[in-house]
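In: what follows is a predicted structure for the sequence shown.
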2 protein chains.
Amino acid sequence: MDNPLTPEVLADPVTLTRVLVDIESVSRNEKELAGYVEEVLRKVPHLSVSRLGNTVMARTDLGRDQRIVLAGHLDTVPINNNFPSELRGDLIYGCGTSDMKSGVAYALHLAVMVPNPRYDVTYFFYEAEEIESRYNGLFLVSEAHPEWLDADFAVLLEPTHGVVEAGCQGTMRSLVSTLGRRAHSARSWHGVNAIHGASEVLRRLNEYQARTVTIDGCAYREGMNAVRISGGVAGNVVPDRCDIEVNFRFAPDRTVAEAETHLREVFAGFDVVITDSAAGALPGLGAEPAREFLAAVGEAPIGKLGWTDVARFAAMGIPALNFGPGDPNLAHHPDEHVEISKVRDGAATLHRWLAA
Amino acid sequence: MDNPLTPEVLADPVTLTRVLVDIESVSRNEKELAGYVEEVLRKVPHLSVSRLGNTVMARTDLGRDQRIVLAGHLDTVPINNNFPSELRGDLIYGCGTSDMKSGVAYALHLAVMVPNPRYDVTYFFYEAEEIESRYNGLFLVSEAHPEWLDADFAVLLEPTHGVVEAGCQGTMRSLVSTLGRRAHSARSWHGVNAIHGASEVLRRLNEYQARTVTIDGCAYREGMNAVRISGGVAGNVVPDRCDIEVNFRFAPDRTVAEAETHLREVFAGFDVVITDSAAGALPGLGAEPAREFLAAVGEAPIGKLGWTDVARFAAMGIPALNFGPGDPNLAHHPDEHVEISKVRDGAATLHRWLAA
């Protein structure tokens, strides 16, 4: 098949969004799309292009004082009766329209159309953001070629519905367990019921007062939630174990270690095992390109409440924020769509900033 | 194979116990054992024998004023490295030694050895007590030939460690559910966490004050226990449902309907579905054969805390109690065993009563 990313398509972020959506690229199946992107970018004289797996990196080397990153993931969650795209009035429907081929369209459009940006730019079109972290293209780059990620500021083109969502919350998963002693339920006083023992764990969760922390004008509201509970041996047995999986979403003023300390304080007296964690990211809006970006957007940023790859940049000391036209609440939804006017507005904002 | 239930074996309840244990009869596999039992009983002149499936019924018809039932189930739970039987000092080890081939040995021994009992006797050797109720031999008899069960008093030869355990508790299983509203766990305040909502259910269970009810001198201690809990959608989702399976063991002064009313009062405000229930059985120690039996035993009865088939008799208005040599705590245990001295003592008691 001919490369559908023609010059006419690349010149218009809306058309480009539709064409990108119509090249299926569910996680682990990004090869075709990555091939088209690489082929197009290698023809652009002001870019030098590298590839790692199905992640394509393109960069300018104009000797600017500052370097920024624009990054979008090529993959989508599995198709759910929402492929190919469909146009309905001002809306493009389809898998990936919001999360995040409209954002990828920005990066690809700008890479081709802005030969003389005000900062040097590194563009990333990366694989496998929607699945386990070990497949994530940015993670693989950070392991194999960390120097590719060097920059003063990064914009992740994740869906934010056209506003700037700065930094991100951290997330920690843990298993809080209660132990008891089995007995026949007809003689239950010979045992200790571990599910009854979980009452106190749930009481603490119920009464937990979550903080809201404001950093650089961005509010991060924390949350601590049981996301799973299980216990039980048989219908006539007093159970000796109950496990509660607790997900703690924490503001980026806490480190992972501080989040763990806090979680262990909340569940003092119980068996707590940390099963998974990811640091948050401070908004980092003081960097010069960040201030100039906010000026171009002209609206106050808000805190990002989910976890995104901005945290990978933050971990390397690179301030990063999220900006994309899609509604994050529609991501992974069968009815996923994006507003054409939002796509145009965001593209104009990025042009205004980068080509100034 | 020749019938191993020879006259010599039948004459000694201890030897008979071992021989019965060594004929494997896990639930649904009672055919061979039922065949031997039927063959032996059909040769006994003072008995008339009937069979339904793998349940064998034998009865005297001597024109006595009173008729009693002696009943034991032929089946065992699955073998667990405890077959065939093994003799260690005063103990016989093996699957079914306690629950309840030692009890079956009593019935078979008495059926053959007591041609002239003081009451008419109906002996039941029945199938499938250890599995779903719909396979239970006594249940099948109660549906097909309820007149076979007519009696003034019944003794179930279930393990009671040589004491009389009268009546039995009722049991009720229910599902208590809490409902909520899903949300992404990074924005948990948009949802309602159903697992957190279960806190109140567990608090009520934790603080539940179980009654102890004394009837005819027998104490029945109640208990209400969560035996299973489950809830959760995914690691990043506030869950919208949590289910708690509650097992209520209730004293036989409550009917099933009263137990349900009580359970619903305890969990007022929550969604409660009754999934299963079985009535208890009052001790019913006032019947003449019961009083004479207690006199032969010479020890005070206690309340039966588990649920047994005595409840089937109680439901038909027939007082019933449990009496067997095995330790009920060893039932279904890989280390199941029975004390030879207990087997002999119990057999002597039954002889004293029946042959008087």
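Out: Thanks, I have the structure now. These numbers come from a predicted model, not from an experiment.

In: where does pLDDT dip in chain A?
Out: For chain A, not a single residue meets the criterion pLDDT under 70.

In: tell me how it divides into domains.
Out: Partitioning chain A according to automatic domain parsing yields domains covering residues A:7-168+A:281-354, A:170-278.

In: and of these, who's closest to chain B?
Out: The minimum distance between chain B and these falls on domain A:170-278, with 3.0 Å, by C-beta to the nearest C-beta. Placement of C-beta: from N, CA and C, glycine included.

In: hmm, back to that, B:Ala198: which of the domains of chain A is closest?
Out: domain A:170-278 (6.0 Å; C-beta to C-beta).

In: let me have the domains of chain A in a markdown table, adding distance to B:Arg312 and mean neighbour count as columns.
Out: As requested, these are exported to a markdown table (distance: least, C-beta to C-beta, whole Å; neighbours: other C-beta atoms under 10 Å in any protein chain shown):
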| stretch | distance to B:Arg312 | mean neighbour count |
| --- | --- | --- |
| domain A:7-168+A:281-354 | 53 | 20 |
| domain A:170-278 | 17 | 19 |
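
In: could these go into JSON lines alongside distance to B:Val192?
Out: Converted to JSON lines, the domains of chain A look like this (distance: least, C-beta to C-beta, whole Å):
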{"stretch": "domain A:7-168+A:281-354", "distance to B:Val192": "17"}
{"stretch": "domain A:170-278", "distance to B:Val192": "11"}
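
In: B:Ala105 is nearest to which of those domains?
Out: Counting by C-beta to C-beta, B:Ala105 lies closest to domain A:170-278 out of the domains of chain A; the figure is 24.8 Å.

In: looking at the domains of chain A, which is closest to B:Pro252?
Out: Among these, if distance is taken as C-beta to C-beta, the winner is domain A:170-278, at 12.7 Å.

In: pull up the residues of the stretch 51-200 of chain A that are close to chain B.
Out: By the rule C-beta under 8 Å from any C-beta of the partner chain, the part of the stretch 51-200 of chain A lying against chain B is A:169, A:171, A:173, A:184-189, A:193, A:195-196, A:198-199.

In: so which of the domains of chain A gets nearest B:Lys342?
Out: Across the domains of chain A (criterion: C-beta to C-beta), the nearest stretch is domain A:170-278, sitting at 20.3 Å.

In: how far off centre is the closest one?
Out: Between the centre of domain A:170-278 and the centre of its host chain there is 25 Å, according to C-alpha atoms, centre = their mean, to the nearest Å.

In: stretch A:284-294 too?
Out: Here stretch A:284-294 shows a centroid-to-chain-centroid distance of 20 Å under the convention C-alpha atoms, centre = their mean.

In: quick one, helices of the stretch 251-356 of chain A?
Out: A:256-266, A:288-297, A:310-315, A:340-354 (DSSP state H, counting those that start in this stretch).

In: can you add distance to chain B and give these back as CSV?
Out: Formatted as CSV, the entries for those read as follows, by distance: least, C-beta to the nearest C-beta, whole Å:
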stretch, distance to chain B
helix A:256-266, 13
helix A:288-297, 22
helix A:310-315, 13
helix A:340-354, 20
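
In: and these: which comes nearest B:Phe139?
Out: With respect to B:Phe139, and counting by C-beta to C-beta, the nearest of the helices of the stretch 251-356 of chain A is helix A:256-266 at 51.0 Å.

In: can you tell me what sits against that closest one?
Out: Applying C-beta atoms under 8 Å, 6 or more residues apart in numbering or on different chains, the set of residues contacting helix A:256-266 from outside is A:170, A:172, A:174, A:204, A:208, A:224, A:246, A:248, A:250, A:254, A:272, A:274, A:277-279.

In: widest-spaced pair of the residues you listed?
Out: Of all pairs drawn from the contacts of helix A:256-266, the one with the longest distance (C-beta to C-beta) is A:Arg204 and A:Ala279, at 24.4 Å.

In: residues in contact with the spatially closest residue to A:Cys218 that is not a sequence neighbour?
Out: In space, not counting the residues next to it along the chain, A:Cys218 is nearest to A:Gly303; the distance is 3.7 Å by C-beta to C-beta, 6 or more residues apart in numbering or on different chains. Residues counted as contacts of A:Gly303 (C-beta under 8 Å, 6+ apart) are A:Glu165, A:Ala166, A:Gly167, A:Cys168, A:Gln169, A:Ile215, A:Cys218, A:Ala219, A:Tyr220, A:Arg221, A:Ala251, A:Pro283.

In: do I have it right that the third one meets A:Ala290?
Out: Just to be clear, that refers to A:Gly167. No: applying C-beta atoms under 8 Å as the test, A:Gly167 and A:Ala290 come out as separate, 10.9 Å apart.

In: quickly list what's touching both of the two.
Out: Listed contacts common to A:Gly167 and A:Ala290 are A:Gly284, A:Leu321; contacts here mean C-beta under 8 Å, 6+ apart.

In: how far away is the closest residue to A:Leu321 other than its chain neighbours from A:Gly326?
Out: Leaving aside its chain neighbours, A:Leu321 sits nearest to A:Ala166 (4.4 Å; criterion: C-beta to C-beta, 6+ apart). Shown here: A:Ala166 relative to A:Gly326, a distance of 17 Å by C-beta to C-beta, to the nearest Å.

In: all helices of chain A, in order?
Out: Along chain A, the segments classed as helices by DSSP state H run A:7-11, A:13-21, A:31-42, A:102-113, A:137-144, A:194-207, A:256-266, A:288-297, A:310-315, A:340-354.

In: what's the closest of those to B:Ile79?
Out: Between B:Ile79 and the helices of chain A, the tightest spacing by C-beta to C-beta is seen for helix A:194-207, at 29.7 Å.

In: which helices and strands does the closest one pack with?
Out: Applying 3 or more C-beta pairs under 8 Å, 6 or more residues apart in numbering or on different chains; DSSP states H and E, one finds that helix A:194-207 makes contact with strand A:170-179, strand A:223-232, strand A:241-250, helix B:194-207, strand B:223-232.

In: among the helices of the stretch 251-356 of chain A, which is nearest B:Leu20?
Out: Across these, B:Leu20 has its closest neighbour in helix A:256-266 (56.5 Å, C-beta to C-beta).

In: any idea of the angle the closest one forms with strand A:223-232?
Out: 60 degrees (axes from the mean of the first three to the mean of the last three C-alpha atoms, to 10 degrees).

In: tell me the angle helix A:256-266 makes with strand A:241-250.
Out: Our comparison of helix A:256-266 with strand A:241-250, counting by the same axes, to 10 degrees, yields an angle of 130 degrees.

In: which one of the residues of the stretch 51-200 of chain A next to chain B is nearest B:Ser25?
Out: B:Ser25 has its nearest neighbour among those in A:His184, at 23.4 Å by C-beta to C-beta.

In: give the contact list for the closest one.
Out: A:His184 makes contacts with A:His190, A:Gly191, A:Asn236, A:Val237, A:Val238, B:Gly306, as judged by C-beta under 8 Å, 6+ apart.

In: any idea how far it is from A:Thr349?
Out: 68 Å.

In: find the centremost residue of chain A, please.
Out: For chain A, the residue sitting closest to the mean C-alpha position, by C-alpha atoms, centre = their mean, is A:Thr308 at 2.6 Å.

In: list the contacts of it.
Out: For A:Thr308, the set of contacting residues under the criterion of C-beta under 8 Å, 6+ apart consists of A:Leu156, A:Glu158, A:Cys168, A:Asn322.

In: wait, the third one touches A:Val310, no?
Out: Going back to what we said before, that points to A:Cys168. Yes: shown here, A:Cys168 and A:Val310 form a contact pair, counting by C-beta under 8 Å, at 5.2 Å.
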